[in-house]
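K.L.:
give me a model of this one.
(chains A and B)
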Amino acid sequence: MTVLSGLTVVELANERISFAGKLMADMGADVILVEPPTGDPSRHYPPFVNDQPGENRSLYFWHYNTSKRSLVLDLDAAEDRQLFKKLVTRANILLESEPTQRLKSLGLDYEDLSILNPQLIHIAVTPYGRNNPDSDLPTTDLTLMAAGGPPWSCGYDDHELPPVRGLGNQAYHTASHFAYLSALTALLYQNTGGAGQFIDVSITAALNVTTEAATYSWLVNGSTVQRQTGRHAATHATGETQMMCADGRYVNTGVPPRFPEEFAKLLAWMGKIDLLDEFPEAVFLEMGANWEGPFDLSKIGSDDTITAIFGAGREGLKLIAQSVSAYDFFIGCQEAGLAVGIINSPEEVFEDKHFKARGFQVPVTHGNIEYLYPGAPYKLPASPWQIYSKAPELGEHHADILAELE
Amino acid sequence: MDKALANFRICDFTGQLAGAGATKWLSAFGAEVIRIEDPVRQGRWDILRGMEPYKPGQSGAEFGGAFNNHNTDKLGITLNLRTERGKEILTELVKISDAVTENFAAGVLKKWGFDYPRLQAIKPDIVYVSNCGFGHEGPYHRYKTWGPIVQAVSGLTFTSALPEQPPAGWGYSYMDHTGGYYMAMAIMLALLHRQQTGEGQWVDLACTEAAVTLNGPALLNWTVNQKPTRQTIQPSSNRSQFAPMAPHGIYPCKDIDGAGDHWIAISCRHQQDWKLLAAFINKPWTQPYDDTAYRLEHQDSLDEEMTRWCSGFDKFQLQEKLRTLPIPVAVVHKPRERIEKDPATAQFGLWPTVQHSAMGEVRVDGQPVHLSKTDWQMNRGAPLLGEHNHQVLSGLLGMDDAEIAQLQQDGVI
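P.N.:
Below is the predicted model:
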């Protein structure tokens, strides 16, 4: 039993919302994935187990559909529409990303369903909102991201290179986060005596408000950020924060040393790995380490001593990076109190000792085999996150669910 | 209209974006969020307080544009937790709160004497949600992060790149935004659990863990197939990662205004999309790409052709034309274009104007959802430092004016 146990969620299979369904299912909700007779198209997305395609072999489908049950319904058939109505009558949440007029034309929209079930929380996730006909235009994660704003801020100092869209279907994720947040909000309201309601989630709106300074710089004073390599897009050019280390891997250097104890630790580290002989600026690190009271950061650039100390901090970090591996740089800097990051690939962070120690690798049973999955995004000890079952086979729970509806 | 979260009071130590973004959601839906700041450091722990962007002619700790954006409709009080009286007042506040929220480095609240056992002793069913980069347990729990560090460590920076280039990463703190979303989820999940069982709990949210879950299929390709994402030459992250699609990229368009940097994103999901596009392009170069396998295998040359072809078009006109086919297409919006020109954002009411006591009227990020019975509202800007001291100390804790004046004099608030 955990926090969403006892809730039934009906999810009309669609790649845009499958993550929202997973977030609910892994917190205990009974998420019924309603698939068309041909199955959800994402069952055929690569990568596949051993690279062999197959309806139940997509690792994409596996990831996004853990803890769900599968029911096959053809909503174009009258008999199945009746089953769908029965299902929704007993459900708490309907999660869908259908074309804006489709459910209405089938007599299955909120105005129809809320008569059958006034407590129903109906969540519609569309590209521009349920009332905008542009939501029916075809889209992909890439085009949604472009329209919603993120790629404008991502890419390189060289603006001949195109803006960059980060991988991972983050447009769908961001929309799914807001679908889930809305569902939890509506559930808290219900538990204090409120009714069901209709929730309109716009994917591009979700992206528009997930762009940090790009949006509020414009809203506050009409300034426009420009993309830069590996760091925040900004209205004025800022210093580089990404460096290649001795092993060819990259690190993000974050904020250079700012406090005397940070200069002291940096100096000690450089001594330990024999770099002081080739670093004449070490004398400024020493001055930084012995500085009395806080630095006046506004004097960087105007006060020669302060400028030299901070420049030495930045240069010292560069020299270390050239001499050690990215991992050693990360650990060494963090031990010195500096917030730097190693740029891991997904599998590298998955195998990292910190994440293993926190139990982030979670085994999921597939027949006789156990595979490791990414674990909990949050730890609620009294009502834990859990993968209850692997993604369902097409129609795996069809008979069970129909029997429950009798 | 009802407020969905009107029954909840949050004793809120969050700041920056990863924390403040979480309680912004709660306040938009009617929760009473009481933001507690340090009077000694004048709230400067939250560096956004006094950071650009500023409205023209304004600057300083009461005018930070980002701070205003992330703290709408919250109450702001100051409390010096170095003093015994400050601790007593916090204790009184915790007694009447539903949740305590913070995104300090691990251990900071504990140092002030308010770890979870202490909070629980004050109010047995309290919900406590902490949000820090690596969480409160594990080998790196003392390590510090901010958004870009979380993105770097978690794999998100790595998976945003063009071939033979260093990582491009995310040109903003995607994981401060998203860490805030997960924090809001965690708060609401714990509140739901408390509604059902009467039981509180401490949620240890590690932003990096939430971030790693955002590359799920790539991780399964590693654990199931032992196939790493790291390759000798990284493929362009503008290409389709899953369903095979080509073309699938971002292409340059004509410089329509002298400002440059005009781009368009185009995806052909399948043969049908490509046929529509090829007929529209109507040039012999498209012919070899009519074979799906060839098109998918020769994306480099196809992208070169697409780059040449797109660069002759006004991006908005090309978008209109490709929408009529229709195939997936979108202008890479500049901030002004999506905020002022795209009618969809205005129609959705995405940029509400709030009233800030020092900044005046400012537009802010709204919420990208509408709830038919309990929609969000944003009216007030972020609180000034201690703006609601009197309201909270008098209204909620029943202090009189003399008591409050004494607290001020003693440096407690």
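K.L.:
tell me the secondary structure of the closest residue to residue A:397 other than its chain neighbours, please.
P.N.:
Among residues not flanking residue A:397 along the chain, residue A:69 sits closest, at 3.8 Å (Cβ to Cβ, 6 or more residues apart in numbering or on different chains). C-beta coordinates here come from the backbone N, C-alpha and C atoms, glycine included. Three-state call for residue A:69 (DSSP: H, G, I helix; E, B strand; the rest coil): strand.
K.L.:
I'd say residue A:69 and residue A:32 touch.
P.N.:
Yes: if you go by Cβ atoms under 8 Å, residue A:69 and residue A:32 touch, sitting 5.3 Å apart.
K.L.:
which neighbours do those two have in common?
P.N.:
A:397, A:401 (Cβ atoms under 8 Å, 6 or more residues apart in numbering or on different chains).
K.L.:
neighbour count for the two, which is higher?
P.N.:
Each of residue A:69 and residue A:32 has its neighbours counted (other Cβ atoms under 10 Å in any protein chain shown); residue A:32 has more, 24 against 20.
K.L.:
for that one, what are its contacts?
P.N.:
Neighbour list for residue A:32: A:8, A:9, A:10, A:11, A:68, A:69, A:70, A:71, A:87, A:91, A:397, A:401 [criterion: Cβ under 8 Å, 6+ apart].
K.L.:
kindly report the same for residue A:11.
P.N.:
Residues counted as contacts of residue A:11 (Cβ under 8 Å, 6+ apart) are A:17, A:18, A:20, A:21, A:31, A:32, A:33, A:34, A:68, A:95, A:96.
K.L.:
so of the residues you listed, which ones are in helices?
P.N.:
Judged by DSSP state H, the contacts of residue A:11 include A:18, A:20, A:21 as members of helices.
K.L.:
looking at those residues, which is nearest residue A:260?
P.N.:
Relative to residue A:260, the closest of those is residue A:20; by Cβ to Cβ it sits at 48.1 Å.
K.L.:
which residue ranges make up each domain of the chain?
P.N.:
Let's take chain A. Domains of chain A are assigned by automatic domain parsing as A:8-210+A:376-405, A:245-345.
K.L.:
that's the wrong chain, I meant chain B
P.N.:
Chain B breaks down into these domains under automatic domain parsing: B:9-213+B:352-409, B:253-343.
K.L.:
burial of residue B:165, as a residue count?
P.N.:
Residue B:165: 16 surrounding residues under other Cβ under 10 Å.
K.L.:
spatially central residue for chain B, please.
P.N.:
Taking Cα atoms, centre = their mean, the centroid of chain B lies closest to residue B:177, which sits 1.5 Å from it.
K.L.:
show me what contacts that residue?
P.N.:
Shown in contact with residue B:177 (Cβ under 8 Å, 6+ apart): A:210, A:212, B:17, B:21.
K.L.:
would a markdown table of those residues with secondary structure be doable?
P.N.:
Converted to a markdown table, the contacts of residue B:177 look like this (three-state DSSP):
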| residue | secondary structure |
| --- | --- |
| A:210 | coil |
| A:212 | coil |
| B:17 | coil |
| B:21 | helix |
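K.L.:
so which of those wins on neighbours?
P.N.:
That'd be residue A:210 among the contacts of residue B:177, by other Cβ under 10 Å, with 30 neighbours.
K.L.:
just the pLDDT for that one.
P.N.:
Residue A:210 carries a pLDDT score of 98 in this model.
K.L.:
ok, for it, nearest residue in space, not its chain neighbours?
P.N.:
residue B:177 (4.6 Å).
K.L.:
looking at this, that neighbour is in a helix?
P.N.:
Yes: applying three-state DSSP, one finds residue B:177 inside a helix.
K.L.:
which residue ranges of the stretch 301-413 of chain B form helices?
P.N.:
Along the stretch 301-413 of chain B, counting by DSSP state H, counting those that start in this stretch, helices occupy B:315-324, B:335-336, B:343-347, B:389-395, B:401-409.
K.L.:
meant to ask about the stretch 101-250 of chain A, not that
P.N.:
Counting by DSSP H, counting those that start in this stretch, one finds helices in the stretch 101-250 of chain A at the ranges A:102-105, A:110-116, A:141-148, A:150-153, A:170-191, A:203-208, A:213-221.
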